[in-house]
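Enquirer: Just the structure for this:
(4 chains)
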Protein chains: 2
Amino acid sequence: MKVTIKDIATICGVSAGTVDRALNNRTGISEKTKKKILQVAKEMNYQPDYTARSLVMGKTMTIGVILFDLYNRSFAQLLNAIEVKARELGYFVNITLSDKKPESEIDCINYLKGKVDGVILFSVNKGEQFESYLSKFDIPIITIFNYVSEKWEYIGIRERQAMKDAIDYIVGKGYQKFIYISPPLAYIGKSNIYTQEERLNGFYEGLEKSGIQSEPLIIKNIEYIEELENITFSKNEKVAVVCSTDLYALKVMHYLKKQGVNIPEQVGVMGFDDIDILEYVTPRLTTVKYPIEEIGRRAIESIVNKIEHGDFVSTPLLDYEIIKGESI
Amino acid sequence: MKVTIKDIATICGVSAGTVDRALNNRTGISEKTKKKILQVAKEMNYQPDYTARSLVMGKTMTIGVILFDLYNRSFAQLLNAIEVKARELGYFVNITLSDKKPESEIDCINYLKGKVDGVILFSVNKGEQFESYLSKFDIPIITIFNYVSEKWEYIGIRERQAMKDAIDYIVGKGYQKFIYISPPLAYIGKSNIYTQEERLNGFYEGLEKSGIQSEPLIIKNIEYIEELENITFSKNEKVAVVCSTDLYALKVMHYLKKQGVNIPEQVGVMGFDDIDILEYVTPRLTTVKYPIEEIGRRAIESIVNKIEHGDFVSTPLLDYEIIKGESI
DNA sequence: GTGAAAGCGCTAACAT
DNA sequence: ATGTTAGCGCTTTCAC
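Expert: Now for the predicted structure:
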């Protein structure tokens, strides 16, 4: 049967309060009794009941995480980092998935309500209505990647600057014509696609800075490969296809290879994310790498600090690195 | 502030017991009072306190999951399925990662002790000692993928038969020489690599059935690419490189392409898992697909049934499908 | 049909 | 230094 604090108290001939003092390193107990209690507890293989502790302390020792799904390759790394860091600080993690549906995200929040001490939110919602909803939610929330507003603590990377630098790099390679692929942009105004918008902004800024004249083609269609099918890539044009995510870039490369187009001579391809499977793909995709695990760890640290000491640990936007592959 | 059952009781002029009856559809309450209570609860936006409920019911409504990491591409699908199904049945999911270290897996089990009502275990441990350890763990456990012993409920796929069929298929394509790559086999006897062993068994059975004479080369070295570097693939030999996991196969293809080896004419490559990124890789890898999400769902269903009604729902080994690509 | 009371295992405030 | 008591929010038993 389950060993409780009471059992130990009875055996040691002390009260439950004293056992509590011993078990939790509190003051007001003699070394002698403490030692004895600790030993008995160990012998009996005592395991504290976290539920009871939560109830009396009003804390669940759990952090909720809301993501839209787990299919983005980098989320595995993110969750790994979150899980490890949380455990290190004595917290559990409860992951919920919104499946990219704004309504479903609200469900997740409701679901976590009362079950967790804080929430790490990669939001697909935004807007006033959503914010007023979030405001009623009385536990700490930290947003990651998709910015909601200045009211909410945020951790992210310098997406805009990263894409701007990437364009700079590409122009340096002699590319003059640009195609930009980012299907999520179709959801502009409908859901929170902050990171995607920032990347696009960086793209424009990069073009401007480099003085590129020709108008870029922006593809927001999820059937972006079909859009490419309408384009004939002439031998001496050097078109750069900039993709807002590695997955799009991989699909584009796959298509181009099938068409017998030379990469990077004829068409260059650029990705963003540096997902781990790039290691297995030829040619090596040129992309932007950012410290996703760092984001996870910092999010946990910050929210735990908020829970325990009242303040978030604010983090500057994290830096990135351009991975120079062979695709552009 | 938080609304409790007591608040509602006071407002409605009834006792807490009655509120409980109304909120939880219990018998012994008049329609009238029930309706009123429900309405007040809604108006006040009452949210039950799951911690308190857990304490009194002795159940946490949480299922623990132990995996070694999240980097295997298919685990995202597995967890997605688990998460969704668990929520559907009213349970939370608490994921812990053992990082492939047997000691760390024990930590995970200890960690989950008392925090969950049941555990889904993808074990890296095995052996008598481990089993006696598991036996002391007094909540239901269901093992997936890596079989521990007949004492533990298990859900998996027909790995052996799948690999056997795959070999049959490959032989049918005219391949006569075989290389088998499976680095986890180096841990034989040290950790639980049941699925990998089964695949290897299937490989041997397949060769035997097909009457292949030439001895296969079995590579158990994690530096398997380096091993391949020592091999010269002649133009007219048709060597089949069978990999126990898609990730190895991708790396092998990547290497062969760099070497200018023709796939599948000169060397054929076979994978196992059908991870989603295969979609982006040329040539399309031939591989084995199995219903990983089904495993997740069934594991949850079975363990919840055990928790609530005392019995697991036993599941036959699940079936697979050979995905005929262009790599072999 | 409803109320009162006990108690889940633990912590914290107040006595001694 | 230690014991006593109350109570976290809920469920459940037993009266009425």
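
Enquirer: all contacts plus neighbour counts: C-alpha atoms, from now on.
Expert: OK.

Enquirer: Provide the secondary structure category for A:Glu326.
Expert: When classified by DSSP: H, G, I helix; E, B strand; the rest coil, A:Glu326 comes out as coil.

Enquirer: who's in contact with it?
Expert: With contacts defined as CA atoms under 8 Å, 6 or more residues apart in numbering or on different chains, A:Glu326 is in contact with A:264, A:283-286.

Enquirer: Helices of the stretch 151-300 of chain A, start to end?
Expert: With DSSP state H, counting those that start in this stretch applied, the stretch 151-300 of chain A shows helices at A:159-172, A:194-210, A:224-229, A:246-258, A:292-309, listed in chain order.

Enquirer: Tell me which of the ones you listed lies nearest to DNA strand C.
Expert: Between DNA strand C and the helices of the stretch 151-300 of chain A, the shortest separation by CA to the nearest atom of the strand is 12.4 Å, and it involves helix A:292-309.

Enquirer: Now do the closest one: distance to the chain's middle.
Expert: With CA atoms, centre = their mean, to the nearest Å as the basis, helix A:292-309 stands 12 Å off its chain's centre.

Enquirer: Give me the average confidence score over stretch A:129-144.
Expert: Across stretch A:129-144, the average pLDDT comes to 91.

Enquirer: And the strands in chain A?
Expert: Shown for chain A, the strands assigned by DSSP state E span residues A:62-67, A:92-97, A:118-121, A:141-144, A:153-155, A:177-181, A:217-219, A:239-243, A:267-270, A:287-289, A:321-323.

Enquirer: Just put those in TSV and tack on mean neighbour count and distance to DNA strand D.
Expert: Formatted as TSV, the entries for those read as follows, by neighbours: other CA atoms under 10 Å in any protein chain shown; distance: least, CA to the nearest atom of the strand, whole Å:
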stretch	mean neighbour count	distance to DNA strand D
strand A:62-67	23	17
strand A:92-97	23	20
strand A:118-121	25	17
strand A:141-144	22	21
strand A:153-155	23	27
strand A:177-181	20	49
strand A:217-219	16	51
strand A:239-243	25	49
strand A:267-270	27	53
strand A:287-289	23	46
strand A:321-323	17	48
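
Enquirer: And the ones you listed, which one averages the lowest pLDDT?
Expert: Of all the strands of chain A, the minimum mean pLDDT falls on strand A:92-97 (a mean of 85).

Enquirer: hmm, who's touching that strand?
Expert: Contacts to strand A:92-97, defined as CA under 8 Å, 6+ apart, come from residues A:61-70, A:82-83, A:86, A:105, A:108, A:116, B:80, B:83, B:92-95.

Enquirer: Residue of the stretch 51-200 of chain A nearest DNA strand D, please.
Expert: Scanning the stretch 51-200 of chain A for proximity to DNA strand D using CA to the nearest atom of the strand identifies A:Val56 as nearest, at 3.2 Å.

Enquirer: How much space separates that residue from chain B?
Expert: Relative to chain B, A:Val56 is positioned 9 Å away (CA to the nearest CA, to the nearest Å).

Enquirer: Burial check on that residue, number of neighbours?
Expert: As a burial measure, A:Val56 scores 11 neighbours (other CA atoms under 10 Å in any protein chain shown).
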